[in-house]
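Student: here's my sequence, what's the structure:
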Amino acid sequence: MSIAALPKEILDKIVDHIAEVPDDVYPSKKPLKAVALSARCFLHRCQSHLFRDISIPTTGIPTSLLDVLETKPGLLKHVRKLVVWLNVTSQPLAQQRALLRIAEHLEGLERLLLISSNHKGDCSWNYLGAVRQTAITKMFEEQPLVHLTLCGILDIPFRPVASLPHLQTVHLTQAATFSGVEELAVQWKLVSLRCNQLAYQALPALLSLNAPAVGNSLVYLQLQVPTLEGHKAAWKILLCAGDSPLEFLRIEYARTYELNTNILSQSLNEVILRNYTLPTYSCLRYIDIQLYSIGDNSATNVGGGGALSSPSYIPRFLHKMLGQNPQPALVALQIHTDWITNGDPTSQLAHVTLIDRDRGWGLVDDTLSDSKLFPCLQAVRVRSEMTLNPPPEAEITGTTAADVKTKIRLETSSALYKTGEAVKAFDVGYEGGDRMFDAIAKPLLATEKKFIRI
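Tutor: Residues are numbered from 1 along each chain as shown. Predicted structure coming up:
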């Protein structure tokens, strides 16, 4: 019996299995190309994989794709993911028209990624030109998009984006803004929202009329906060997602090297002023909080402790976030803190406490060990680091990085001793706790992958 006589379902599974071979094992999809040439019964299924993901770089549409456009444009119906790199420099009109022709032959595009390649990091919609604007708008209006990434794209018209009825996942990064947001309601039911770097600029206008549509159906939320304005935008979405089926929350207060600006201490002042705290998310199972800070002497850094110690606003911020409303389904919590200090650990390390219960960490311990707040909490990971500014050119006499790390681990265990007794896995950096935390968190993170797949 020839292989062509096998049922189509079996032939398709053979091809699907080959298509799963990672690119780092066989680059350029060589196995699929070989199978496509081996027998006609494999051709159609191989084509569906070979053309599933395509990328158009800044240099223009690759010659191989232009050949397909000229000879077999019907193959573009297989495209499900399209990455388009954009910049503000003038592109040959023929290339722009080719992009429009590609848009005209797409039939089932699901994931669209528009990425700026401008050296300044952003690309204004107004400078793309009418042809490229028409091509992208056509994709918005005619394709059943379920995922959209905007990276460094400014002033993109909101009307065609708002009308995407199938949109489920949005990733805004680097910088992203919309125009014409204020008067438009969206048709989305977002499952996943990721907002990184300066893309928070898109959130206030986006949420002005559409907070329920954006927040009520979220399962995955990732926010990166680089400025005080970013903090305000992040908390707007955190609060409006209170009624959502949110399962995964990742929030990072990003490190800034503007020495006169401490985003974290400023943000603590803001949450105290407005009495912000995380609402109860009835389905939330995993939280990852990362707090990067520059040590300062602001009013929020209370309790003494010296220049080396973890600033008190770090644990106080954690307590303010987590210490008021219960999270009845939370299973795993990961916290990473990092503070920069100008102190000299050579002479001071033996005389200071870096992680001090009396400077806020006792509040965190009381919160995390409270079974009324976290009845299902099984795993807690707390990792802290101290970074010297400027970094030493050579090893500091009498004090090594290992000494600092060991001291932080011991003091974290001591400061959070009630938490360590309350949960099954408590990881402060030792191998045993690390394995136990991963064993509990791994099944959760396996589920998370489907929400961030692009």
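
Student: dump stretch 318-334 to CSV, keeping only the CA atoms.
Tutor: The C-alpha trace of stretch 318-334 is given here as CSV (Å, rounded to 0.1, in the frame of the first residue of the first chain):
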residue,chain,number,x,y,z
LEU,A,318,4.0,45.1,49.4
HIS,A,319,1.9,45.3,52.5
LYS,A,320,-0.3,48.0,51.0
MET,A,321,-0.8,46.0,47.8
LEU,A,322,-1.6,42.6,49.5
GLY,A,323,-2.6,43.3,53.1
GLN,A,324,-6.3,44.3,52.9
ASN,A,325,-8.4,42.2,50.5
PRO,A,326,-8.4,38.3,50.5
GLN,A,327,-7.2,36.3,47.5
PRO,A,328,-9.2,33.1,48.0
ALA,A,329,-7.7,31.1,45.1
LEU,A,330,-4.1,32.2,45.3
VAL,A,331,-1.7,29.2,45.2
ALA,A,332,1.8,30.7,44.5
LEU,A,333,3.3,34.2,45.1
GLN,A,334,6.7,35.3,43.8
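
Student: can you list contacts of it?
Tutor: 268, 271-272, 276-289, 291, 335, 360, 363-364, 366-368, 372-381, 437, 440-441, 444 (Cβ atoms under 8 Å, 6 or more residues apart in numbering). From N, CA and C alone the C-beta is placed, and that goes for glycine too.

Student: which residues does residue 374 contact?
Tutor: When contacts are counted by Cβ under 8 Å, 6+ apart, residue 374 touches 326-327, 330, 333, 368.

Student: need the pLDDT of it.
Tutor: With respect to pLDDT, residue 374 scores 98.

Student: phi, psi for it please.
Tutor: Note on residue 374: its backbone torsions stand at phi -130, psi 70 [degrees, to the nearest 10].

Student: could I get the contacts of residue 374 in TSV, plus columns for distance to residue 122, neighbour count and pLDDT?
Tutor: Shown next, in TSV, are the contacts of residue 374 (distance: Cβ to Cβ, whole Å; neighbours: other Cβ atoms under 10 Å; pLDDT from 0 to 100):
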residue	distance to residue 122	neighbour count	pLDDT
326	41	16	97
327	37	23	97
330	37	23	97
333	35	24	98
368	40	25	97
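
Student: out of those residues, which are inside strands?
Tutor: Counting by DSSP state E, the part of the contacts of residue 374 found in strands is residue 333.

Student: farthest-apart pair in the contacts of residue 374, please.
Tutor: Maximum pairwise distance among the contacts of residue 374 (Cβ to Cβ): 13.3 Å, between 326 and 333.

Student: tell me which strands and helices the top helix by length along the chain is in contact with?
Tutor: In the chain, taking DSSP state H as the definition, the longest helix is helix 431-452. On a contact count with 3 or more Cβ pairs under 8 Å, 6 or more residues apart in numbering; DSSP states H and E, helix 431-452 meets strand 192-195, strand 220-225, strand 248-253, strand 286-294, strand 332-341, strand 379-388, strand 425-427.
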